[in-house]
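Asks: just a sequence and a predicted model for now, questions to come.
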Amino acid sequence: MTKLQLGVMGGAFRYTLEALEAAYVIGKEIAEAGAALITGGTTGIPYRAAQGYKTEGGLWSIGISPAVDRVEHVEKFGKPTDAYDVLIFSGMGYAGRNPLNIRSCDGVIFIGGESGTLNEFTTGLYEDRVLGILESVGGITEKIREIMSEFRTDHGSKVLYDIHPQNLVRRVLTEIRDRNPQYLAHHVSLATPNHRKEVKGEK
């Protein structure tokens with residue numbers, strides 16, 4: 001069955017220690033939920049989320065790269081490979097890659113970040129996604145409430161705010177289920193209490 005797909009977007013180059021710690025916790029929480037993780041296959045906050053995801057036994061860490069192939073991914077863009085089970089090479093650079101990140105997700109969590117993260121967030125507004133904003137860790141996510149106050153057009157997306165990483169993931173998952181109950185009942189493998197044990201081969 002199709003896995004629920006959650007994205008983690010945030011600063012690849014500039015970030016606070018608090019943002020990195022939160023990303024790691026969020027990655028672990030996504031793995032615990034039995035969902036696939038989508039990131040930009042990059043450094044910084046998304047990479048830390050991917051590390052947390054793999055530490056918790058997550059099975060599908062997917063990075064959507066701006067590069068055309070693995071060589072360019074590493075040598076030109078300076079991106080890691082070790083925390084990703086699958087790398088998708090868009091060949092579209094950062095700006096072209098960002099919409100693919102968002103469209104590949106059922107919901108997206110934003111942590112810190114700068115202009116690229118803001119670009120991904122505004123794309124999510126147009127794509128009718130569930131968008132979780134982690135506050136109190138620095139970066140552009142500290143400004144989203146203010147930015148949203150200037151928007152008047154509603155494209156159907158749901159924006160959730162929280163200062164607690166684990167709670168934010170759970171709220172995003174709940175909102176996705178509430179918005180798509182019929183779809184999820186037939187097509188999505190959601191979290192089970194024994195998911196972590198099953199992944200690690202425990203009984």
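Replies: Thanks, I have it.
Asks: roughly how far apart are Ala33 and Ala49?
Replies: Ala33 is 13 Å from Ala49, where distance means CB to CB, to the nearest Å. C-beta: built from backbone N, CA, C; applies to glycine.
Asks: which of these two has more neighbours?
Replies: Counted by other CB atoms under 10 Å, Ala33 and Ala49 do not tie: Ala49 has more neighbours, with 34 against 21.
Asks: for the more buried one, give me its contacts.
Replies: Residues near Ala49 by CB atoms under 8 Å, 6 or more residues apart in numbering: Val8, Gly10, Ala23, Tyr24, Ile26, Gly27, Ile30, Leu37, Thr39, Ile111.
Asks: could you dump those residues to CSV with neighbour count?
Replies: CSV is the format used below for these (neighbours: other CB atoms under 10 Å):
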residue, neighbour count
Val8, 30
Gly10, 34
Ala23, 31
Tyr24, 21
Ile26, 28
Gly27, 32
Ile30, 32
Leu37, 29
Thr39, 30
Ile111, 33
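Asks: between those residues, which sits nearest Arg177?
Replies: Using CB to CB, the shortest approach to Arg177 within these belongs to Ile30, at 14.7 Å.
Asks: wait, a helix at the closest one?
Replies: Yes - counting by DSSP: H, G, I helix; E, B strand; the rest coil, Ile30 is located in a helix.
Asks: and Leu4, how close does it get to Val169?
Replies: Leu4 sits 11 Å away from Val169, going by CB to CB.
Asks: for these two, indicate the residue with more neighbours.
Replies: Ranked by neighbour count (other CB under 10 Å), Leu4 and Val169 place Val169 first, with 26 against 23.
Asks: and for Leu4 and Val169, which residues touch both?
Replies: Shared contacts of Leu4 and Val169 (CB under 8 Å, 6+ apart): Ala33.
Asks: circling back to that earlier point, inside helices: which ones of the contacts of Ala49?
Replies: Ala23, Tyr24, Ile26, Gly27, Ile30 (DSSP state H).
Asks: now the second one. Nearest residue, chain neighbours left out?
Replies: By the measure of CB to CB, 6 or more residues apart in numbering, the closest residue to Tyr24 outside its immediate chain neighbours is Gly52, 3.8 Å from it.
Asks: and the one you found, how many neighbours does it have?
Replies: Applying other CB under 10 Å, we find 27 residues neighbouring Gly52.
Asks: for the protein, give me the ranges with low pLDDT.
Replies: 1, 182-203 (pLDDT under 70).
Asks: if we use 80, what do you get?
Replies: Residue ranges of the chain with pLDDT under 80: 1-2, 153, 181-203.
Asks: what residues does the nearest residue to Gly139 once chain neighbours are set aside make contact with?
Replies: Using CB to CB, 6+ apart and skipping residues adjacent in sequence, the residue nearest Gly139 is Gly112, 2.8 Å away. The contact partners of Gly112, by CB under 8 Å, 6+ apart, come to 10-11, 14-16, 19, 45, 134, 137-141.
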